[in-house]
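>>> Got a predicted structure here, sequence first:
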Amino acid sequence: MASGLRRTKIVATLGPATDREGELERMIQAGVDVVRINMSHGAPEEHIARAQRVRELAEKFDHEVGVLVDLQGPKIRIARFAENKIFLEKGDKFALDNNVGKNDGNQHEVGLTYKNLPYDVKPGDMLLLDDGRLVFQVDNVEGERVNTTVIVGGTLSNNKGINLQGGGLSAAALTDKDKEDIITAAAMNADYLALSFPRSAEDVEYCRTLARQAGLNCSIVSKVERAEAVADDETLDSIILASDVIMIARGDLGVEVGDAQLPALQKKMIKRARQLNRVTITATQMMETMIENAIPTRAEVFDVANAVMDGTDAVMLSGETATGKSPSLVIETMGRICAEAEKQRSTRESTHRIDESFTAVDETIAMAAMYSANHFGVKCIAALTESGNTTLLMSRISSGIPIIALTPHLETRRKVTLFRGVYPSSVDYTGLNDEEIQDAILQKIKAFGIAKEGDLIILTRGESRGLMGGTNRMEIVKVP
């Protein structure tokens with residue numbers, strides 16, 4: 001891999017552990033690319049303060065870090081037990097009932113925070129609680145009471161989640177809380193906004209509309225975690241195309257479709273998103289044991305490496321950094337695994353769109369640059385970009401060649417932090433002619449340590465600076 005730069009990006013969730021003195025500094029120095037702010041926990045002021053702190057430290061260390069705000073989505077959960085938890089045996093009868101008080105659950109019944117459940121299920125349906133640890137079969141529905149038989153028992157405690165095997169719960173993807181949190185995301189000028197539980201492209205477009213109404217022009221991440229979202233290729237494609245990024249959220253998705261289907265679905269979604277020029281994040285339990293332990297399990301090492309070799313743009317850490325013992329150590333460890341996996345030949349070869357026609361000039365230049373880079377021994381591609389779209393198109397092709405996104409726009413530099421193999425850098429071309437711009441770019445490349453005197457690089461740019469989608473030139477330049 002050229003110059004030792006890690007191509008796969010790391011998303012790390014903020015939380016109490018990252019608030020410890022000096023931890024955010026260590027995380028940035030360890031190479032975190034995007035921080036995730038989970039709106040399921042904490043107050044708006046707390047989230048805004050964390051985002052501000054990240055931005056300050058990123059500027060201090062001259063390392064762009066994107067901010068991803070993750071909306072909570074609908075809370076499809078049971079209510080609480082009077083004694084906090086119960087134990088259910090296989091064969092027990094148990095009811096989920098809207099008329100049971102929110103703190104009055106007992107050995108035979110519990111209330112619901114999701115009031116539509118009795119209207120969404122029918123006899124024979126399988127309900128999976130607590131990430132599938134317990135399984136109930138629906139016997140019948142009496143008014144607002146769902147009577148079930150326990151198929152897989154165990155301990156059931158307060159506020160555990162409910163999934164319907166095969167999908168079909170009617171909860172809207174965006175709640176009133178999410179709409180308020182979008183306004184908070186706008187206050188922190190988030191780079192990415194993650195939508196939980198979308199079932200259709202319309203859910204994604206609605207989220208984008210609400211973001212824009214709040215004054216937030218950011219990229220939308222669709223968390224694929226409902227069975228309906230992957231029920232057929234047409235639905236999946238429509239969600240991918242409506243989104244800027246898809247997150248393979250393997251927790252709820254695995255519960256709804258079954259764990260055995262997850263590996264094939266992960267590979268399919270990554271491949272399809274890349275074909276459709278969209279970005280992917282692979283998430284859930286990637287380094288889970290490092291919440292407590294100093295090293296990952298071998299299974300976790302394989303999981304991260306396989307996601308990299310599948311072609312994911314980014315791998316995500318949740319509790320590992322939000323509440324773990326050493327967030328920066330987890331990032332360093334994950335970074336090493338990613339970098340090693342990227343050395344494999346399969347991660348550097350691509351037949352992406354080789355048999356297709358291109359529809360735009362900037363797309364044609366992007367594809368030509370990557371083909372040339374992969375076959376001509378250049379050290380890197382330097383892309384002068386306004387929106388970052390040219391570098392996105394380039395990054396869909398597997399390669400070991402670094403792509404430097406040179407842009408005067410801070411928002412663009414933060415956006416490309418999630419693109420595989422793309423590295424942001426600031427450039428100010430105000431008042432410069434073409435030759436002076438080229439000299440400035442070459443100095444930036446030298447500063448990255450990627451190329452030295454006599455090396456070849458590819459330079460892409462547009463004749464009309466300041467024009468979005470205006471890339472129409474490709475040059476092969478020798479570093480002086």
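Received, thanks. Treat the numbers as computed from the prediction; the structure is a model and nothing was measured.
>>> Every contact and neighbour count from this point should use C-alpha atoms.
Noted.
>>> Excluding sequence neighbours, find me the nearest residue to Ile182.
Excluding the flanking residues, the one nearest Ile182 by CA to CA, 6 or more residues apart in numbering is Ala211, at 6.2 Å.
>>> give me every residue that touches the residue sitting furthest away from the middle of the chain.
Taking CA atoms, centre = their mean, the residue of the chain most remote from its mean C-alpha position is Glu142, at 40.4 Å. With CA atoms under 8 Å, 6 or more residues apart in numbering as the criterion, no residue contacts Glu142.
>>> Quick check: bridge partners of it?
Arg145 (DSSP bridges).
>>> coming back round to it: what is the host helix or strand of the residue nearest to Ile182 packed up against?
Per DSSP states H and E: Ala211 is located in helix 201-213. Under the contact definition 3 or more CA pairs under 8 Å, 6 or more residues apart in numbering; DSSP states H and E, helix 201-213 sits against helix 176-187, strand 219-224, helix 233-242.
>>> To Leu24, which of those lies closest?
Nearest to Leu24 among the helices and strands packed on helix 201-213 is helix 176-187; the distance by CA to CA comes to 20.0 Å.
>>> Can you name the next helix or strand after that closest one?
Moving toward the C-terminus from helix 176-187, the next helix or strand (DSSP H and E) is strand 192-195.
>>> how about the nearest residue to Ser243, chain neighbours excluded?
Ile220 (5.6 Å).
>>> Please tell me I have it right and the one you found contacts Ala194.
Yes - judged on CA atoms under 8 Å, Ile220 makes contact with Ala194 at a distance of 5.9 Å.
>>> what about Asp178, distance to Lys267?
Computed with CA to CA, to the nearest Å, the distance linking Asp178 and Lys267 is 30 Å.
>>> who's more crowded, the two?
Higher neighbour count among Asp178 and Lys267: Asp178, with 22 against 17, using other CA atoms under 10 Å.
>>> Just list the residues touching that one, thanks.
Contacts of Asp178 (CA under 8 Å, 6+ apart): 71-73.
>>> Can you list the low-confidence ranges for the stretch 301-450 of the chain?
346-358 (pLDDT under 70).
>>> now the strands for it?
314-317, 381-384, 403-407, 422-426 (DSSP state E, counting those that start in this stretch).
>>> can I get the ones you listed in a markdown table with mean neighbour count?
Formatted as a markdown table, these follow (neighbours: other CA atoms under 10 Å):
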| stretch | mean neighbour count |
| --- | --- |
| strand 314-317 | 26 |
| strand 381-384 | 28 |
| strand 403-407 | 25 |
| strand 422-426 | 24 |
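>>> Count the neighbours of Glu435 for me.
9.
>>> roughly how far apart are it and Met334?
Taking CA to CA, one finds Glu435 at 41 Å from Met334.
>>> Need the contact partners of stretch 26-33.
Contacts for stretch 26-33 (CA under 8 Å, 6+ apart): 9-12, 57-58, 61, 63-66, 327-329, 331-332, 335, 417-418.
>>> for stretch 114-133, same thing?
Counting by CA under 8 Å, 6+ apart, 75-78, 98, 134-141, 143-146, 152-154, 156, 160-165, 168-171, 251-252, 255 sit against stretch 114-133.
>>> where does the stretch 1-150 of the chain have low pLDDT?
Across the stretch 1-150 of the chain (using pLDDT under 70), the flagged ranges come out as 1-4.
>>> coming back round to it: go through the strands of the stretch 301-450 of the chain and name the closest to Ala273.
For the strands of the stretch 301-450 of the chain, proximity to Ala273 was assessed by CA to CA; strand 314-317 is nearest, at 12.8 Å.
>>> For Arg250, give me its contacts.
225, 262, 282-284.
>>> which one of those has the most neighbours?
Top of the contacts of Arg250 by neighbour count (other CA under 10 Å): Thr282, with 27 neighbours.
>>> what about the helices in the stretch 51-200 of the chain?
117-120, 176-187 (DSSP state H, counting those that start in this stretch).
>>> okay, those helices in CSV with distance to Ile403 next?
Formatted as CSV, the helices of the stretch 51-200 of the chain follow (distance: least, CA to CA, whole Å):
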stretch, distance to Ile403
helix 117-120, 48
helix 176-187, 29
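>>> What's opposite the residue nearest the centre of the chain in the beta bridge?
Nearest residue to the geometric centre of the chain (CA atoms, centre = their mean): Ile281, 3.7 Å. According to DSSP bridges, Met247, Ala314 are recorded as the beta-bridge partners of Ile281.
>>> Over to Val135?
Here Val135, judged by DSSP bridges, has bridge partners Leu128, Val152.
>>> Please name the residues that touch it.
126-129, 150-153.
>>> go on, Pro327?
17-18, 23, 27, 320-321.
>>> Filter those residues down to the ones in helices?
23, 27, 320-321 (DSSP state H).
>>> how does the protein divide into domains?
In the domain annotation for the chain, the residue ranges read 2-73+173-343, 85-164, 361-478 (automatic domain parsing).
>>> How far does the shortest one stretch from one end to the other?
For domain 85-164, the first-to-last residue distance is 22 Å (CA to CA).
>>> Check stretch 79-88 too.
16 Å.
>>> Identify each buried residue in that stretch, please.
79-81, 85-86, 88 (16 or more other CA atoms under 10 Å).
>>> Tabulate those (CSV), appending distance to Met367.
Shown next, in CSV, are those (distance: CA to CA, whole Å):
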residue, distance to Met367
Ala79, 53
Arg80, 55
Phe81, 58
Lys85, 57
Ile86, 59
Leu88, 58
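>>> Out of the residues you listed, the closest to Ile476 would be?
Ala79 (63.3 Å).
>>> what's the closest one in contact with, if anything?
102-103, 105, 110-113, 158-160.
>>> I'd like the residues you listed laid out as CSV, including neighbour count and distance to Ile291.
Putting the contacts of Ala79 into CSV (neighbours: other CA atoms under 10 Å; distance: CA to CA, whole Å) gives the following:
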residue, neighbour count, distance to Ile291
Lys102, 18, 31
Asn103, 15, 31
Gly105, 26, 31
Val110, 25, 31
Gly111, 25, 32
Leu112, 25, 31
Thr113, 18, 29
Asn158, 20, 23
Asn159, 21, 22
Lys160, 15, 21
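>>> circling back: can you select the buried ones from the contacts of stretch 26-33 in PyMOL?
To isolate the buried ones among the contacts of stretch 26-33 in PyMOL, judged by 16+ other CA under 10 Å, type:
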select buried, resi 9+10+11+12+57+58+63+64+65+66+327+328+329+331+332+335+417+418
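>>> before we move on, the earlier item: neighbour count winner among Ile220 and Ala194?
Ala194 (26 against 23).
>>> and the gap between that one and Ser219?
9 Å.
>>> Also Asn116?
31 Å.
>>> And the two? Which one has more around it.
Neighbour totals were compared for Asn116 and Ser219, and Ser219 leads with 18 against 15 (other CA under 10 Å).
>>> picking up where we left off before, can I get the contacts of Pro327 in JSON lines including neighbour count and distance to Ala368?
Output for the contacts of Pro327, formatted as JSON lines (neighbours: other CA under 10 Å; distance: CA to CA, whole Å):
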{"residue": "Ala17", "neighbour count": "19", "distance to Ala368": "45"}
{"residue": "Thr18", "neighbour count": "24", "distance to Ala368": "42"}
{"residue": "Glu23", "neighbour count": "16", "distance to Ala368": "42"}
{"residue": "Met27", "neighbour count": "23", "distance to Ala368": "36"}
{"residue": "Glu320", "neighbour count": "29", "distance to Ala368": "40"}
{"residue": "Thr321", "neighbour count": "29", "distance to Ala368": "39"}
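>>> Among the residues you listed, which pair sits farthest apart?
For the contacts of Pro327, and using CA to CA, no pair is farther apart than Glu23 and Glu320, which are 13.2 Å apart.
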